[in-house]
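1. I'll drop the sequence and a predicted model, then ask my questions.
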Amino acid sequence: MRLDRRGSLLSQVHVDPPLLGGLLMLCAIGLVTLYSASGQSVDVVIKQALRMLLGMACMIGIAQISPQRLARWAPGIYLLGVFLLIVTTAIGEGRGAHRWLDLGPIRFQPSEIMKLATPLTVAWFLRDKILPPRLGQIGIALAIVVVPGALIMEQPDLGTAILVMAAGLLVLFFAGIPWRLIMLALGATGAMAPIGWLFMHEYQRQRVRTLLDPAADPLGTGYHIIQSTIAVGSGGWSGKGWLNGTQSYLEFLPERATDFIFAVYCEEFGLLGVLVLLAAYLLVMMRGVTIAVQAQDLFGRLVAASLIFTLFIYIFVNMGMVIGQLPVVGVPLPLISYGGTSIVTLLTSMGILMSIQTHRRFIVES
């Protein structure tokens, strides 16, 4: 018996074909939808395509790095990310917030780094522990999760903070935390909700009120939700057709190229189009689950499971807020919404999955 690598040419350059196929399908859907949502702006589509190419380059680049090396680098990346978050909180910029660092030719959100650094670091911490983790180990892992989450909330950016903490907590969940502790945490969270309400910013409270009754301020805070639900519902079974969405072209729908692009997609492609989009997401997620199951070490299993379920949270939260079932928290629809840093981060996370899959070694007969 001997150990050997096997697979196609793509796998030898550490690219997983099924995962790549699903991602390319989503990128194509995203560019087609963005062309319509942006008012048929070729410049916007070209910018998005270039960002996707950059993300693909980062994906392929990080796929060349073995999971073992990623594990060694994780704490350093985490500490760098925390430092950048502190700097951003002090001197960052944004629309009424401190979320971006402007370094001349480069402008980025340090919080995006933590979407990857947090689960990687929690998995690094637990990789050589006996599972399920002990109470003290859970406390340390929670500290790793809470520090960046608190800094991002301070910016303030509740949506990104939720995603960063969710990614880290998912690692803990898959590490086998006892259900009694999970139920205790959920109960404590529910009991502290009234206290949390007091510490929320007024605009965050307003988002909750709007969710409960968007018609209370139809021309103000409820406008986004009302218009997006109209767009989604008007698509019907097969949609109005590409470039024929009235809510978008008549500019009733705000943020139609970013957070609310799903409403544009629903109006133009209808339920049939939504099923196609969900099938593409399902292909990517099922491949991610397969990679997590087949991973040959604890670090790889925890990271892969966390990243793919974080993708699910992205999709669930964005679609939920567009159809009026969740508060508006500014979470983009993966590979569909217009944006730069989030796309690069997402594709980089897919590169980590490819690394976990393609660096496996198989036992074959000599």
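-> On my side now, so go ahead. Remember, predicted model here, so these are calculated numbers, not experimental data. Numbers count the residues shown, from 1 in each chain.

2. As a check, name the ranges of all strands in the stretch 1-150 of the chain.
-> Per DSSP state E, counting those that start in this stretch, the stretch 1-150 of the chain carries strands over the ranges 2-4, 101-103, 106-108.

3. residue ranges for the helices of the chain, please.
-> For the chain, helices defined by DSSP state H occupy the ranges 9-12, 17-37, 42-63, 67-91, 110-126, 135-153, 158-174, 179-199, 202-212, 223-234, 246-249, 261-294, 298-322, 341-358.

4. what is the orientation angle of the second one with helix 261-294?
-> For helix 17-37 and helix 261-294, the angle between their directions (axes from the mean of the first three to the mean of the last three Cα atoms, to 10 degrees) works out to 170 degrees.

5. need the least confident one among the strands of the stretch 1-150 of the chain, by mean pLDDT.
-> Of all these, strand 2-4 carries the lowest average pLDDT, namely a mean of 42.

6. wait, P178 sits on P132?
-> Yes: contact criterion Cβ atoms under 8 Å: P178 and P132 qualify, at 6.2 Å. Yep, even glycine has a C-beta here, placed from its N, CA and C like the rest.

7. any weak-confidence spans in the stretch 1-150 of the chain?
-> Confidence mapping of the stretch 1-150 of the chain against pLDDT under 70 gives the ranges 1-11, 92-99, 102-107.

8. hmm, try it at 80
-> 1-13, 89-108 (pLDDT under 80).

9. now the stretch 151-300 of the chain
-> 155-158, 179, 182, 185-186, 188-224, 248-252.

10. and with 90 instead?
-> The stretch 151-300 of the chain contains residues with pLDDT under 90 at 151-163, 175-236, 238-239, 241, 243-259, 296-297.

11. Compare the helices of the chain and report which one is nearest to V329.
-> helix 158-174 (3.5 Å; Cβ to Cβ).

12. who touches L116 in this structure?
-> By Cβ atoms under 8 Å, 6 or more residues apart in numbering, the residues touching L116 are 77, 167, 307, 345, 348-349, 352.

13. For it, give its distance to S66.
-> 16 Å (Cβ to Cβ, to the nearest Å).

14. so G61 touches M350, yeah?
-> No: taking contacts as Cβ under 8 Å, G61 lies outside contact range of M350: 11.9 Å.

15. Show me which of the two is the more surrounded one.
-> More neighbours surround M350 than the other of G61 and M350, with 29 against 12 (other Cβ atoms under 10 Å).

16. Please tell me how far that one sits from V42.
-> 27 Å.

17. what does I29 give?
-> 18 Å.

18. which of those two has more neighbours?
-> Taking other Cβ under 10 Å, I29 and V42 do not tie; I29 has more neighbours (19 against 9).

19. Provide a list of residues in contact with the residue nearest to the more buried one when sequence neighbours are not counted.
-> In space, and not counting its chain neighbours, I29 is closest to L277: 6.1 Å by Cβ to Cβ, 6 or more residues apart in numbering. By Cβ under 8 Å, 6+ apart, the residues touching L277 are 26, 29, 265, 269, 336.
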